[in-house]
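A.B. asks: here are the coordinates; sequence isn't available:
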Ligand SMILES: Nc1ncnc2c1ncn2[C@@H]1O[C@H](COP(=O)(O)OP(=O)(O)O)[C@@H](O)[C@H]1O
Ligand SMILES: Nc1ccn([C@H]2C[C@H](O)[C@@H](COP(=O)(O)OP(=O)(O)O)O2)c(=O)n1
């Protein structure tokens, strides 16, 4: 269903705030394409791990990613993620990739390459929802709408634990520690750190359910229709 929205919705924020699930649902509601840029950094990380390279070795990481063919789909209802023609859609969500992805995504040449690819994918769509960490600040500074999703750390850890089926206090404590570590890494890196764009609308999802967040973002997107933006 096309609701009349054209343009780009940038959805940024830390892990577990609901970006992926909200971005997909918003894209379906708006009849828009959808791009998960985190999936691209995760796919690059698969290439690095498969090459046997230390994710902290920036030079070696840069060389591996420069040679890898990373492909992602832009349909809201399917997940296509490939590295050199191999389907890695399930593997990119595994713990090994999650542990290494912040280091890989901090390498400037990796970012340049993937940002170029993201802009090319976005330019092919009349309407698109793009989620990540630097979409409003770097990838699409002129996006039609920028939303920065936040949520309390406990809510984020609980959501992630439920999603992964983790139940023991130790598993949940480890997951919360991993979220904190990744927040710190992603927010303090020199190149394109995680932060809200100055013109982003901040939406706190701590006390909203997923549908409540989707309604809010769709409403914000539709308010730009005919507004001359
Ligand atoms: N507002 C919300 N309230 C409760 N759970 C949510 C909310 N938004 C998303 N979720 C759930 O939290 C988990 C993490 O969401 P996800 O979209 O993967 O976050 P992110 O992409 O920001 O890491 C998913 O299981 C999702 O269904
Ligand atoms: N635009 C982006 C998207 C993701 N990243 C990095 C930082 C994140 O820790 C990883 C993984 O992102 P992803 O959105 O898949 O992570 P979560 O699902 O939120 O846990 O990639 C980035 O640096 N820039």
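C.D. replies: Noted; the coordinates are in hand. Quantities reported herein were computed from a predicted structural model and do not represent experimental measurements. Numbers count the residues shown, from 1 in each chain. Ligands and ions are numbered 1, 2, ... in the order given.

A.B. asks: for the protein, what spans make up the strands?
C.D. replies: Assigned by DSSP state E, the strands in the chain fall at 7-12, 33-36, 70-72, 81-83, 86-87, 127-132, 145-150, 201-204.

A.B. asks: need the longest helix for this protein.
C.D. replies: helix 169-188 (DSSP state H).

A.B. asks: do stretch 61-73 and ligand 2 meet?
C.D. replies: No - Stretch 61-73 is not in contact with ligand 2 by Cβ under 6 Å from any ligand atom; minimum separation 11.3 Å. Every C-beta, even on glycine, is put in place using the N, C-alpha and C of the backbone.

A.B. asks: Flag every buried residue along that stretch.
C.D. replies: 61-62, 64-65, 68, 70-73 (16 or more other Cβ atoms under 10 Å).

A.B. asks: Widest-spaced pair of these?
C.D. replies: 62 and 73 (25.4 Å; Cβ to Cβ).

A.B. asks: How much space separates the spatially closest residue to residue 189 that is not a sequence neighbour from ligand 2?
C.D. replies: Computed as Cβ to Cβ, 6 or more residues apart in numbering, the closest residue to residue 189 that is not its neighbour in sequence is residue 106, at 4.2 Å. Here residue 106 is placed at a distance of 7 Å from ligand 2 (Cβ to the nearest ligand atom, to the nearest Å).

A.B. asks: Need the pLDDT of residue 106.
C.D. replies: With respect to pLDDT, residue 106 has a value of 94.

A.B. asks: Any part of the longest helix of the chain near ligand 1?
C.D. replies: No - Helix 169-188 lies out of reach of ligand 1 by Cβ under 6 Å from any ligand atom, never closer than 9.2 Å.

A.B. asks: Who are the packing partners of that helix?
C.D. replies: Packed against helix 169-188 by the contact rule (3 or more Cβ pairs under 8 Å, 6 or more residues apart in numbering; DSSP states H and E) you find helix 95-105, helix 153-164.

A.B. asks: what comes up buried for it?
C.D. replies: For helix 169-188, by 16+ other Cβ under 10 Å, it's 172, 175-176, 178-179, 182-183, 185-186.

A.B. asks: Kindly report the residues of the chain close to ligand 2.
C.D. replies: Counting by Cβ under 6 Å from any ligand atom, the chain sits next to ligand 2 at 15, 19-20, 37-38, 41-42, 101-102, 105, 132-134, 182, 186.
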